[in-house]
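*Asks:* structural data only, the sequence is not supplied:
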């Protein structure tokens, strides 16, 4: 079954084309735009390990009389760190969520919407194909 792309703005769909790896867009149909959004966030597993370490330290310290708990804290922290070090080393602190959004950019409304997004991000607007054609015609007439 062939992959189908759906425009995030219009809902229009189009089947994937033959893979073309040279431009990095693989099987994205001609005239479509792909935006990849990558968001870094704290890995929930890494965060849980940190919480387990803190809870373990506090639980172990409760076994000592109150007057020597702070003296024992350093030793207990080293013990807990040693116990969880391998797990912590195998768990990245951050994970990335990657989401691809695709747009068919053959309609003026969609190009306008994409240009609003681009301008909001500080990027140049996509050139209007009609304006490009007019500029080329003007150049030919002048030449």
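*Replies:* On my side now, so go ahead. Bear in mind the structure is a predicted one, so any value in this text is a computation, not a measurement. Residues are numbered from 1 along each chain as shown.
*Asks:* lowest average confidence across helices and strands of the chain, where is it?
*Replies:* helix 129-142 (a mean of 56; mean pLDDT, DSSP states H and E).
*Asks:* grab the nearest non-local neighbour of residue 2.
*Replies:* residue 15 (4.9 Å; CB to CB, 6 or more residues apart in numbering). (C-beta placed from N, C-alpha, C; glycine too.)
*Asks:* who are the neighbours in contact with the one you found?
*Replies:* 2, 3, 4, 5, 29 (CB atoms under 8 Å, 6 or more residues apart in numbering).
*Asks:* report the central residue of this structure.
*Replies:* Nearest to the geometric centre of the chain sits residue 38, at 1.4 Å (CA atoms, centre = their mean).
*Asks:* direction included, what does the helix or strand harbouring that one pair up with?
*Replies:* According to DSSP states H and E, residue 38 maps onto strand 32-42. Strand 32-42 has its sheet partners listed here by DSSP bridges as strand 94-104 (antiparallel).
*Asks:* any buried residues in the strand it pairs with, and which?
*Replies:* Using 16 or more other CB atoms under 10 Å as the burial criterion, the residues of strand 94-104 that qualify are 102, 103, 104.
*Asks:* the residues you listed into a markdown table, with extra columns for distance to residue 123?
*Replies:* Output for these, formatted as a markdown table (distance: CB to CB, whole Å):
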| residue | distance to residue 123 |
| --- | --- |
| 102 | 17 |
| 103 | 14 |
| 104 | 19 |
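*Asks:* re the thing from before, from residue 118, how far off is the residue nearest to the centre of the chain?
*Replies:* 17 Å (CB to CB, to the nearest Å).
*Asks:* cool, and residue 45?
*Replies:* Taking CB to CB, one finds residue 45 at 36 Å from residue 118.
*Asks:* please apply the same query to residue 64.
*Replies:* For residue 64, the distance to residue 118 - CB to CB - is 61 Å.
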